[in-house]
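Engineer: Compute the structure for the input listed below.
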Amino acid sequence: MYKKILIAVALSTVSALAVAADSHGAATQSKAAKNSAVPTFEKLDKNHDGKISVDEAKTVPGLSAVFGRADEDGNGTLSKSEYDSITRGMKHS
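Structural biologist: Numbering: from 1, shown residues only. Sure, this is the predicted structure:
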């Protein structure tokens, strides 16, 4: 449970930092950080094989940094349940 919380915090922090790097001003940054969303599993699974590879994870800032911890079974990919575990409670786009 603690691991999932840390991963979710890491993803949301990286997402917020990406928004902060944008040059739209503090008010927009704050609003965007609150509403930042992670892609759905289906959007990330570009080849539709039912898992997210390291290469597919690289398209989401911060996901590749926590990939190893999110990959609970250690098979080198994220299943839908592993991805859902780390993004639970986050808004999906």
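
Engineer: Verify the stated contact: residue 39 with residue 92.
Structural biologist: Yes. Here residue 39 reaches residue 92: they are 6.9 Å apart, a contact under C-beta atoms under 8 Å. C-beta: built from backbone N, CA, C; applies to glycine.

Engineer: okay, these two: which has more neighbours?
Structural biologist: Between residue 39 and residue 92, counted using other C-beta atoms under 10 Å, residue 39 has the larger neighbour count: 17 against 12.

Engineer: Residue 86 versus residue 75, what's the distance?
Structural biologist: Counting by C-beta to C-beta, to the nearest Å, the gap from residue 75 to residue 86 is 15 Å.

Engineer: So for the two, which sits in the more crowded spot?
Structural biologist: residue 86 (25 against 10).

Engineer: So which elements touch the host helix or strand of that one?
Structural biologist: Assessed by DSSP states H and E, residue 86 sits inside helix 80-87. Here helix 80-87 touches helix 2-21, helix 41-44, helix 63-70, going by 3 or more C-beta pairs under 8 Å, 6 or more residues apart in numbering; DSSP states H and E.

Engineer: Next, the buried residues of the shortest one.
Structural biologist: Meaning helix 41-44. 41, 44 (16 or more other C-beta atoms under 10 Å).

Engineer: got the CA coordinates for that helix in PDB?
Structural biologist: Output of helix 41-44 as PDB, limited to C-alpha atoms (Å, rounded to 0.1, in the frame of the first residue of the first chain):
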ATOM      1  CA  PHE A  41      -4.100   2.200 -19.900                       C
ATOM      2  CA  GLU A  42      -5.600   1.800 -23.400                       C
ATOM      3  CA  LYS A  43      -4.000   5.000 -24.700                       C
ATOM      4  CA  LEU A  44      -0.600   3.900 -23.400                       C
END
